[in-house]
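Novice: what would the 3D arrangement of this be:
(2 chains)
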2 protein chains.
Amino acid sequence: MAEAVVVNNKQVVIKNYVSGFPKESDMEIITSSIKLKVEAGSKAILVKNLYLSCDPYMRLLMRSQGSDLFTPYPPGSPITGFGVAKVLESDNPEFKEGELLWGITGWEEYSLLKSTQGLFKIEHTDVPLSYYTGILGMPGMTAYAGFYEVCSPKKGEYVFVSAASGAVGQLVGQFAKLFGCYVVGSAGSKEKVDLLKNKFGFDEAFNYKEEPDLNAALKRYFPQGIDIYFENVGGKMLDAVILNMRIHGRIAVCGMISQYNLDQPEGVHNLMSIVYKRVRMEGFAVFDYYPQYGKFLDLVLPNIREGKITYVEDIAEGLESGPAALIGLFSGRNVGKQVVVVAHD
Amino acid sequence: MAEAVVVNNKQVVIKNYVSGFPKESDMEIITSSIKLKVEAGSKAILVKNLYLSCDPYMRLLMRSQGSDLFTPYPPGSPITGFGVAKVLESDNPEFKEGELLWGITGWEEYSLLKSTQGLFKIEHTDVPLSYYTGILGMPGMTAYAGFYEVCSPKKGEYVFVSAASGAVGQLVGQFAKLFGCYVVGSAGSKEKVDLLKNKFGFDEAFNYKEEPDLNAALKRYFPQGIDIYFENVGGKMLDAVILNMRIHGRIAVCGMISQYNLDQPEGVHNLMSIVYKRVRMEGFAVFDYYPQYGKFLDLVLPNIREGKITYVEDIAEGLESGPAALIGLFSGRNVGKQVVVVAHD
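Specialist: Residues are numbered from 1 along each chain as shown, chains lettered A, B, ... in the order given. Predicted coordinates:
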């Protein structure tokens, strides 16, 4: 039996739990080694990581306290996240050597994945592989589930999306436009606002940082009120949106990125308006909708191929650029979906 | 043609908009006069008011600012609210002289009701007439709609009700027990807690005023978490409940009585937990469910007659006692549904 090859494995390790705004120095790049061999009977697969996804929820795993959805990263270990990887070795009948997949992997060059649960085989490679960290992966499914399943949209409804140029928001807006809704997005720079209007086809967009009174801004963009709010930010924006919802409006709560670096989240004061307007506000988690991934691909792939849906990525080259790319999410540095390239193939 | 009889008409008039905690002196009793005659062609009905209902939402009509649901009471006018009345004269084919009804009427001895929209004929009089201000009226329908329609309960689920001995809460708890759920209620005195456990059959109950840490109290009563929360109070209680919801839990938001006397509502900080737990939180208004009133009566009337559902009222005698009874809701003075008797027949 041939001796297994042992190679260097660069990793992004979290040094300790993080409170407040995360810094690059909360993580470090180390080099360990890994045996390029899967133990027989282990059902594990060994993968080479190609693209890693920077997602806001990862901040919640840097806390000392977990939640029902999130178990904290153990300090001293490589962080994990969604990624695209190539199978190098497999002891699992579901995946064969050379196949491509997306799902949770490590922030490192090679990962030994002990379970294949939550991993999806990549069957369509005529689109950029990195898309499986975004439009064709978890963020895409999140936009799909939140907009179609949670919000039950109707043609002609008024839709507002916050963090609208991000990995999820840009898709929600495009889904809503394709569906025949009126869509306004908010983002944090002129460049992003231009993107929303000129590239993603939002009807309107505004820079929330230039709006001292969010309630007034929303009244300006939605004089008739909001039917559907896709919530990505929380805090003051949510409070202002609630005041502007229409009767029987729906709020899909995907995340609240503005709150993740605060020790004590901001208070939301206007909840009584969800009674006045009979609003449904619903938190959701993408994995509850994973069984619909096939249906989702059937909807999205043709739209990508025909250029009816577009996707903007912000690509950081090299695993070393990972920590800066990840923390950049929280200052809004990225324009579009933030991806880290570990290797191109 | 006979001259119409003109009689004195005692009324409860609101003097001005109210901010902060309402006082008896915000209202006054005046005596005006009314012609006991309905103009031909007016489609109006003239009623003698028998029972008036004190409901928390009435506080919201005392504000200067309205909302989509509530138009403020005009200062100097008699207030309005749900009541049981007898038809004295009718120009409307839907109601005949001598018939009984419930719906929105004035806080006065006699009211000229210009529209019959939202008025329900009382067909069953083998139960106390005052019940049509409560268990068989708007609060009963509210409990029914919120529990069955908004919360979609499943047998064996864990249900929490705040303001649980009130007009709505006592019913929600009993509906939940009949349905096969585990039910805990909170209230503001030992007497009310005893009522919940001994009269209404709640599995457990506690006095929220004696719980310095509501989160800890809820963890004690729901070590496995809460599937359904029937929200009547808002503020700190809601914040604590959100932390204790189970995955895919539901919160029916009926009202937030703890917030109605505040100029600036308290902030709710834990909303991110509705993502962690994939919770649905839904505001509702009873009148959206009025078409189901017949179905509701079919469920509730037999249960009342067989003694399977019980209802506790706090009866104030005389229109003069109205202002004190109404403001008593906000200090929790009432034990059970607060009713004002204007006349017994």
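
Novice: so what's the gap between stretch A:289-296 and the chain middle?
Specialist: The chain centroid and the centroid of stretch A:289-296 are separated by 16 Å under Cα atoms, centre = their mean, to the nearest Å.

Novice: now do that stretch: everything it contacts.
Specialist: A:118, A:120, A:140-141, A:144-145, A:149 (Cβ atoms under 8 Å, 6 or more residues apart in numbering or on different chains). From N, CA and C alone the C-beta is placed, and that goes for glycine too.

Novice: same question for stretch A:177-186.
Specialist: Applying Cβ under 8 Å, 6+ apart, the external contacts of stretch A:177-186 come out as A:147, A:153, A:155-165, A:169, A:173, A:176, A:196, A:200-208, A:221-222, A:227-228, A:237, A:303, A:308-309.

Novice: how is the residue in the stretch 51-200 of chain A positioned nearest to chain B assigned, secondary-structure-wise?
Specialist: Going by Cβ to the nearest Cβ, chain B is nearest to A:S67 of the stretch 51-200 of chain A, at 4.2 Å. Under DSSP: H, G, I helix; E, B strand; the rest coil, the three-state class of A:S67 is coil.

Novice: can you list the residues of chain A near chain B?
Specialist: A:67-70, A:234, A:238, A:247, A:253-256, A:259, A:264-285, A:288 (Cβ under 8 Å from any Cβ of the partner chain).

Novice: list only buried entries from those.
Specialist: A:67, A:69-70, A:234, A:238, A:253-256, A:259, A:265-285 (16 or more other Cβ atoms under 10 Å in any protein chain shown).

Novice: so what's the residue in the stretch 151-300 of chain A that chain B sits nearest to closest to, chain neighbours aside?
Specialist: Of all residues in the stretch 151-300 of chain A, A:G267 sits closest to chain B, at 1.4 Å by Cβ to the nearest Cβ. Nearest residue to A:G267 in three dimensions, chain neighbours excluded: B:G267, at 1.4 Å (Cβ to Cβ, 6 or more residues apart in numbering or on different chains).

Novice: that neighbour against A:L271, yeah?
Specialist: No. Counting by Cβ atoms under 8 Å, B:G267 does not reach A:L271; the two are 9.3 Å apart.

Novice: need the contact list for A:Q117.
Specialist: A:Q117 neighbours (Cβ under 8 Å, 6+ apart): none.

Novice: tell me which residues touch A:I251, please.
Specialist: For A:I251, the contacting residues are A:228-229, A:231, A:238, A:241-242, A:245, A:279-282, by Cβ under 8 Å, 6+ apart.

Novice: in a strand, it, correct?
Specialist: Yes. Counting by three-state DSSP, A:I251 is part of a strand.

Novice: and it, what pLDDT?
Specialist: On pLDDT, A:I251 comes in at 98.

Novice: can you check A:I257 too?
Specialist: 89.

Novice: that one against A:N232, yeah?
Specialist: Yes. Using Cβ under 8 Å, A:I257 makes contact with A:N232 at a distance of 6.1 Å.

Novice: more neighbours: those two, which one.
Specialist: A:N232 (27 against 21; other Cβ atoms under 10 Å in any protein chain shown).

Novice: give me the nearest residue to that one, chain neighbours excluded.
Specialist: A:A163 (3.8 Å).

Novice: what's the burial count for the one you found?
Specialist: 29.

Novice: ok, now which ones touch it?
Specialist: Applying Cβ under 8 Å, 6+ apart, the residues contacting A:A163 are A:169, A:186-187, A:232-233, A:257.

Novice: which one of those is nearest A:A4?
Specialist: A:I257 (42.1 Å; Cβ to Cβ).

Novice: ramachandran coordinates for the residue lying closest to A:P128 once chain neighbours are set aside?
Specialist: Closest residue in space to A:P128, ignoring its immediate chain neighbours: A:E313 at 8.0 Å, by Cβ to Cβ, 6+ apart. The phi/psi pair for A:E313 (degrees, to the nearest 10) reads phi -120, psi 150.

Novice: ok, so what distance separates A:E313 from chain B?
Specialist: A:E313 is 25 Å from chain B, where distance means Cβ to the nearest Cβ, to the nearest Å.

Novice: hang on, the earlier thing: which of the contacts of stretch A:177-186 fall within helices?
Specialist: A:169, A:173, A:176, A:221, A:237, A:303 (DSSP state H).

Novice: which of those residues are buried? Put it as a PyMOL command.
Specialist: Of these, the buried ones can be selected in PyMOL as follows, counting by 16+ other Cβ under 10 Å:
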select buried, chain A and resi 169+173+176+221+237
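
Novice: now pLDDT too, for the ones in helices among the contacts of stretch A:177-186, in JSON lines please.
Specialist: Below are those laid out as JSON lines (pLDDT from 0 to 100):
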{"residue": "A:G169", "pLDDT": "96"}
{"residue": "A:G173", "pLDDT": "98"}
{"residue": "A:A176", "pLDDT": "98"}
{"residue": "A:Y221", "pLDDT": "98"}
{"residue": "A:M237", "pLDDT": "97"}
{"residue": "A:N303", "pLDDT": "97"}
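
Novice: so which of the ones in helices among the contacts of stretch A:177-186 comes closest to B:C54?
Specialist: Looking across the ones in helices among the contacts of stretch A:177-186 and measuring by Cβ to Cβ, the closest to B:C54 is A:M237, at 37.4 Å.

Novice: isn't the closest one right up against A:N215?
Specialist: No. Using Cβ under 8 Å, A:M237 is not in contact with A:N215; the gap is 10.1 Å.

Novice: quick one: mean pLDDT over the host helix or strand of A:V183.
Specialist: According to DSSP states H and E, A:V183 maps onto strand A:182-187. Averaging pLDDT along strand A:182-187 gives 98.

Novice: that one pairs with which strands?
Specialist: Applying DSSP bridges, strand A:182-187 is found paired with strand A:158-161 (parallel), strand A:204-207 (parallel).

Novice: can you put those in JSON lines and add mean pLDDT?
Specialist: Shown next, in JSON lines, are the strands paired with strand A:182-187 (pLDDT from 0 to 100):
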{"stretch": "strand A:158-161", "mean pLDDT": "98"}
{"stretch": "strand A:204-207", "mean pLDDT": "98"}
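
Novice: most tightly surrounded among the ones you listed?
Specialist: Mean neighbour count (mean count of other Cβ atoms under 10 Å in any protein chain shown) peaks for strand A:158-161 among these, with a mean of 28.
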